[in-house]
Every structure is written in structure tokens, then in C-alpha cells.
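>>> Give me a 3D structure for the following:
(one chain, ligands or ions: 1)
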Amino acid sequence: MYRTHTCGELRMAHVGQKVTLSGWVAHNRNKGFLCFIDLRDRYGITQLAFSESDNKDLLAKAVELGREFVISVSGTVRERESKNPQNATGDIEIAVEELTLLNSSKVPPFTIEDQTDGGEDIRMQYRYLDLRRNAVRKNMELRHKIARAVRNYLSDENFIEVETPVLIKSTPEGARDFVVPSRMNEGQFYALPQSPQTFKQLLMVSGFDRYFQIVKCFRDEDLRADRQPEFTQIDCEMSFVEREDILQTFEGLVKSLFKDVLNISMDEVPRMLYSQAMELYGSDKPDVRFGMPFCDLTDIVKNNGFAVFDQAEKILAINATGASVFTRKQIDELTEFVKRPQIGASGLIYCRVEADGSLKSSVDKFFPTEELAKWVSKCGSKPGDLILVMAGTTEKVRKQLCELRLELGNRLGLRDPFNFKPLWVLDFPLLEQDEETGHWHAMHHPFTSPLPEDIDLMQTNPGAVRANAYDLVINGVEIGGGSIRIHDRGLQEKMFELLGFTPESATAQFGFLMNAFEYGAPPHGGIAFGFDRLCSLFGGSDSIRDYIAFPKNNSGRDVMIDAPAPLDEIQLKELGISVRN
Ligand code: ASP
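Residues are numbered from 1 along each chain as shown. You can find the predicted model right below:
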């Protein structure tokens, strides 16, 4: 038998028992006539003791064991002389009587510790060793716990998990497809699903009523820190529902996850219209852990002879509570921050509301105190606050001020990762227009239904049509998004037409779905949550990679297995593919 207990299990109550443990050598402390080994497995660490007086041969064997050797030991649990309260098993040790070497190990390329000496690249190359570390393994355990809670909640709500295929035809979720060549159909390709969108809608036509799937999705996008080419969604769809039913059901899911996994009771999730979110926070995923909404100063600051304002379409401000104490240097840093190419602002204007109420701005020349007082009253500023102002075109200034607001939130310590503030964002525009080509694109995807009252606008003013769509945002991160779907062939055709499809191309790509709509498609809608993101959010981290067992790096590579990789000639030939050299 390899083990009677795990390495995290033994306590004072076990003293005197004969036990067998198996695991990895985490540390080996050789003191000459004594040797202590920390034996590690997934569950914890237990100290093994060897001594010359107990068994000289065994001691000689023990001192030879290197880090990460795999061993099995039998012995008696005894109370430790010097206890370690940091460790759950720190009151006891095993007086070892038998030792079996199960496997040796090379010296690992980095230490298997919470604080490792290994950099990102080497840890990714040896991910199987990285996963031995507590911190990483705990993330996987959290992921499992959340997945289980999702399955429990949705199963209790009558959802059934159905697997949909991975080798499919393109689904338009706005990214490029990963494609797989078909050997049996030379010159033809499958696409990997960007999401199971069309399949879950077909399941509704089939009468499945409530579907979910924890499912891999694939999007060939340029990678950012929080993106992976393959990622996991909690994908859901329901029939005979209106938007309100979906919001209630999935608010229930999110609340139950917070309760089950983090023991946090959530209040009702507040709601905000997309238009409000853009106006107040310059973002469709506002971080509402803190206030600092935008104040529109356009009407009160224009035409005062200050060219930057006079020429701008929009002048927006935020009031940073208690930030009048920022030094000149700190304000210069913020100015540099907004001038970075990623943000691209030309400058930042400020007005300090000093503790005594006096006003000091960077544009005093143009704005005497009585003018600045209007800023103060518009922004609701109090003594001790700092007003920061940016000007430009509406779209740009919103984006830039949004970045500044988040940066201020960081600097003022207002973005505690364990303070969870969810928000539903509703009524997104159905379509967005490409600035260069003038083409309309679906903001969510082409299966999203317009709000019923906006359907007529599809012909006359497509840009004004609101979608029957919703996003769940938590702490400024889009965690989920979905919509009520079109279930009527005519409306779906109209939508494709607006998106620039000819009837033939729409039929070629989505005929199967539109045909299905002619066989009794029920009204339906759904949502998908980014599962990796949800896990990282629950773990208090920004990086989804930490919550994926075998992630890809920033260039989309798996450096451990070294993928992607070239194929050999024979394989290429079989697939009928020729590669340029
Ligand atoms: N398929 C959508 C997505 O992946 C989610 C949905 O509309 O349910 O974003």
C-alpha cells in the first residue's frame, strides 16, 4: 500500500499510530546524526524524522534523497519537540521505520515554493512542476470548486449540460477563426467554435428549454494579458424567456457562486443603461467599486478664450475626493500617464479645491475664481478635492478620462480586488459602424434581437437601434454577456441584410439556422460567462493564465509542448496543403 494517509492529514490525535505516506521531498535538512525531510503531496507537508540512534542505515539512505524525489515511508506518528504552528501538521512528525524510493528527480529548474525563484518563461516550460506549487494548485482547486458550484446551481434550475461539436463552421463572434483542414474533404476546412452560439439556439428549437455547457471556445485574436486563444465559457440558453427572466436566473447563479465559493452574500445587482455607462464612466464596463463619475463642463467652460476648450467638442471632469494634497509631481505623473501613446491625450488640466476652499488651477489665466467656482459646483467638489479636466472629441475624451479615473482609483486604493461590485449593463446598441468603410457590424453578434420598440428603426436609423442585450460586469471586468435572440426567419434575414450579407451568402453561411427557425423556434435568449475570468476574479488576480492549467503565452504558444509546430511533408500532403517556405 502506498499510503494510509495524505501529507496534510495527521494531527496530535494520530500520535502513536503506524502510518504510511507517499509524496515528494520538499526539503531535506541533514544535521549529521539527524535528518528531517518535509514530505509534500497535494494536501500538505508532513515532517519525517530519521536519526542515527533509531536506525543508522535508514538515516544514511534518507540523507541521499534530493529535492522532488518521490518516496513512500512507514513509521509512527509522534509529537514534535519543536512545533510549527504555521503548518497544519506542525505538531507531529513521523519516526520513519521503512523508506522506499519510488522515483528520483533531477534538480528542478526552480524552487517548488510559494515564492519561487523561477521566472514566468521557465515556469511555463516546466508547467507540471509549477503546478506542484501550492499557489498554482490552489487556483486550480478554486476553478474546480466554481465549476462544481455552476453545475450544481444550473442542474438544480433544470438546465442540462449538452456537448456541442468542436469541428464546425465559422460562428461570427467578431474574431478570426482557428481552422482545421479536412483530409477527407480536400481543400475544405472546419472552423473551431468561437462559441457554441448557433448550436445552443438549435437546441432551443429542439425543445431542450434550458441548456448549459462549460465549454472551450477558440478565437484567433491578438493576445493581451487577459486573453487566451482557447478559453472556457459557461454557455447558457433558455426558451420562453424575456430579458428579465434571464437577468433573474443568472443573477441567482452569480449570487450562489459568491456564497458557495467565497461565502459572500451579494445584494441585488444594480443595472445601468449602456448610454449612462458611457456618459458617466466612458466605458461599457464601468468599475463601480468607486464613484468619481464624469461631470460635463462643456457648457460652462467654452468660449472663455482658452483654445483647448474652445476647440473641443466635449470637456469632461472628474472629482478626485481628498486628492488636493497631490503634489505637483503627482499631478505631473498623471499628466504623463494620459499622454502615453496608449491613451494619447494632449494634456490634463486641474483645479485644486484647497482645504480652506480657495481654488488653484493650471488655467488660472483664463479662469478666474468665479469661473472655477462653477466647476466646483458642477462637480460637487468639497474642500480637499482635486478636479481633473480633459477635452477633445466625445468618444476620445471619454476613453481617456476613463483610463485616468481607473488610474486614480488605483492610486487612491479604491480598487480592492476582494470588494466585489457587480453591475448589469443594458441596452447596448445593436450595431456599430466601421468608420472607414461605413459598414455596420453587430455589436454582440448577428443573432441578437433588437429591442421590440426599435425594430422599425432598423430601416431608417440603424445606429440608433438598441439591442435586447446585457452584460454582467464585475469590478470593471466583463464577466458575461448575452441577449434575447431573433427567432423569426424574416427578422434574421433583415439583420443579415443590414450587415451586408447578400441573401445567398447569408443562406450559405447560416441557412441551417434560418431553416430551423421555420420549424417552430421558440422565443429564446441566453448568456455566456468567461469562466477563466470569473476564476481569476474570485481569486483576486488580473491574470486568467494563473487559473488555466496549461495556458498559452502572449504569442499564443504553448512553450511546454512547443506548439504550434510545423507538420511534416507526408501529413501536409495527406491534407492537400502546400506551405510556402
Ligand atoms: N455567444 C455569446 C458570446 O460568446 C454569448 C451569448 O450571446 O450567449 O459572447
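>>> going forward, measure contacts between C-alpha atoms and count neighbours the same way
OK.
>>> all helices of the stretch 401-550 of the chain, in order?
In order along the chain, the stretch 401-550 of the chain carries the following helices (DSSP state H, counting those that start in this stretch): 457-460, 489-498, 503-516, 531-538.
>>> what does the protein put close to the ligand?
Taking Cα under 6 Å from any ligand atom as the contact definition, the chain meets the ligand at 195, 197, 481-483, 526-528.
>>> State the pair within these that is farthest apart.
S195 and S483 (14.0 Å; Cα to Cα).
>>> give the contact list for the residue in the stretch 1-150 of the chain positioned nearest to the ligand.
Nearest residue of the stretch 1-150 of the chain to the ligand, counting by Cα to the nearest ligand atom: V150, 15.9 Å away. Under the criterion of Cα atoms under 8 Å, 6 or more residues apart in numbering, the contact list for V150 reads 253, 257.
>>> so what's the backbone phi/psi at it?
In this entry, V150 is assigned phi and psi values of phi -60, psi -50 (degrees, to the nearest 10).
>>> returning to that earlier point: which member of the residues of the chain next to the ligand is positioned nearest E93?
A528 (48.6 Å).
>>> I figured that closest one was touching T232, is that so?
No. No contact is recorded between A528 and T232 when judged using Cα atoms under 8 Å, the distance being 9.8 Å.
>>> Could you identify which of the helices of the stretch 401-550 of the chain is most buried?
Taking mean count of other Cα atoms under 10 Å as the contact definition, the stretch among the helices of the stretch 401-550 of the chain with the greatest mean neighbour count is helix 531-538, which reaches a mean of 23.
>>> continuing past that one, what's the next helix or strand?
helix 569-575 (DSSP states H and E).
>>> Give me the residues contacting that next one.
Contacts with helix 569-575, where a contact means Cα under 8 Å, 6+ apart, come from 181-183, 186-187, 578.
>>> taking the residues you listed one by one, which sit in strands?
The members of these that map onto strands under DSSP state E are P181.
>>> ok, of the contacts of helix 569-575, which one's closest to T502?
Minimum distance to T502 across the contacts of helix 569-575 is 24.2 Å, recorded for G187 (Cα to Cα).
>>> what about the residue nearest to the closest one when sequence neighbours are not counted, how many neighbours?
In space, G187 comes closest to G576 once its chain neighbours are excluded; the distance is 6.6 Å by Cα to Cα, 6 or more residues apart in numbering. Other residues within reach of G576, judged by other Cα atoms under 10 Å, total 17.
>>> do A563 as well
Residues within reach of A563, counting by other Cα under 10 Å, total 11.
>>> check contacts around E221.
Taking Cα under 8 Å, 6+ apart, we find E221 in contact with 175-176, 229.
>>> so which of these is the most crowded?
Across these, neighbour numbers were computed from other Cα under 10 Å; P229 holds the maximum, 20 neighbours.
>>> where exactly do the strands run in the stretch 1-150 of the chain?
Counting by DSSP state E, counting those that start in this stretch, the stretch 1-150 of the chain has strands at residues 18-30, 34-41, 44-51, 70-79, 92-103.
>>> tell me the most buried of these?
Across the strands of the stretch 1-150 of the chain, averaging neighbours per residue (mean count of other Cα under 10 Å) puts strand 44-51 on top, at a mean of 23.
>>> now the helices for the stretch 251-400 of the chain?
Using DSSP H, counting those that start in this stretch, the helices of the stretch 251-400 of the chain run over residues 274-281, 298-301, 307-310, 328-339, 369-379, 394-411.
>>> With mean neighbour count and mean pLDDT as extra columns, can I get these in JSON lines?
Rendered in JSON lines, the data for the helices of the stretch 251-400 of the chain read as follows (neighbours: other Cα atoms under 10 Å; pLDDT from 0 to 100):
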{"stretch": "helix 274-281", "mean neighbour count": "20", "mean pLDDT": "98"}
{"stretch": "helix 298-301", "mean neighbour count": "15", "mean pLDDT": "96"}
{"stretch": "helix 307-310", "mean neighbour count": "16", "mean pLDDT": "96"}
{"stretch": "helix 328-339", "mean neighbour count": "15", "mean pLDDT": "96"}
{"stretch": "helix 369-379", "mean neighbour count": "17", "mean pLDDT": "96"}
{"stretch": "helix 394-411", "mean neighbour count": "19", "mean pLDDT": "97"}
